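Student: got a sequence here, can you model it:
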Amino acid sequence: MDLTVVAYVIYLLVSIGLTVWVARTLSRNGRIFISSVLQGDEKLADAVNHLLLVGFYLVNLGFVALYLKAAEAVADTRSLFEALSVKLGVVLLVLGVMHLGNVWVLNKIRRRSIAERMQTPPVPPIPPVAPQGWATPVGA
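Tutor: Below is the predicted model:
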């Protein structure tokens, strides 16, 4: 069997496995953060979490598929490992950048939400009461 095909198979298996693992981890642990960002709206948090998960899969698996082609044929075992290390390293970097991008955007939304909550008083302001009259000080 051609070593280039072996490299393709290993690359796809590892890349897809890593993508699924990272996506599940981010989805499971990110739900709490998203709920906080959305002020405890659980249904909206679940919907946003699911949409982010689908987008994460689409972008990363699309990148894995586009990055499949090897620049040159794999001749021996050494070049097989070298090609896999470069390809998997780039996939891991893309996964990391996607994760950091998601966290950055959610953090911006969270900060804006906190700022809006700080501007809204917790109790509606009490209208001022017109003074009825001044009392004469005692001992005057």
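
Student: low-confidence ranges in the chain?
Tutor: Counting by pLDDT under 70, the chain shows low-confidence ranges at 1, 120-122, 130-131, 133-137, 139-140.

Student: residue nearest the centroid of it?
Tutor: For the chain, the residue nearest the mean C-alpha position is residue 102 (2.9 Å; CA atoms, centre = their mean).

Student: how much space between that one and residue 48?
Tutor: According to CB to CB, to the nearest Å, residue 102 and residue 48 sit 11 Å apart. All C-beta spots, glycine's among them, are computed from the backbone N, C-alpha and C.

Student: thinking again about what came up before, so how far is residue 22 from the residue nearest to the centre of the chain?
Tutor: 11 Å.

Student: do the same with residue 90
Tutor: 15 Å.

Student: which one of those two is surrounded by more residues?
Tutor: For residue 90 versus residue 22, neighbours defined as other CB atoms under 10 Å are more numerous around residue 22 (17 against 14).

Student: in space, what's closest to that one - neighbours in sequence excluded?
Tutor: residue 95 (5.2 Å; CB to CB, 6 or more residues apart in numbering).

Student: any idea how many residues pack against that neighbour?
Tutor: 22.

Student: check the secondary structure at it for me.
Tutor: Look at residue 95: counting by DSSP: H, G, I helix; E, B strand; the rest coil, its state is helix.

Student: surely it touches residue 20?
Tutor: No. With contacts counted by CB atoms under 8 Å, residue 95 stays clear of residue 20, the gap being 10.9 Å.

Student: spit out the residues that contact residue 102 and residue 22 alike.
Tutor: residue 56 (CB atoms under 8 Å, 6 or more residues apart in numbering).

Student: do a quick rundown of the strands in this structure.
Tutor: Along the chain, no stretch is classed among the strands by DSSP state E.

Student: for residue 11, give me its contacts.
Tutor: 64, 68, 84, 87-88.

Student: thank you kindly, that will do.
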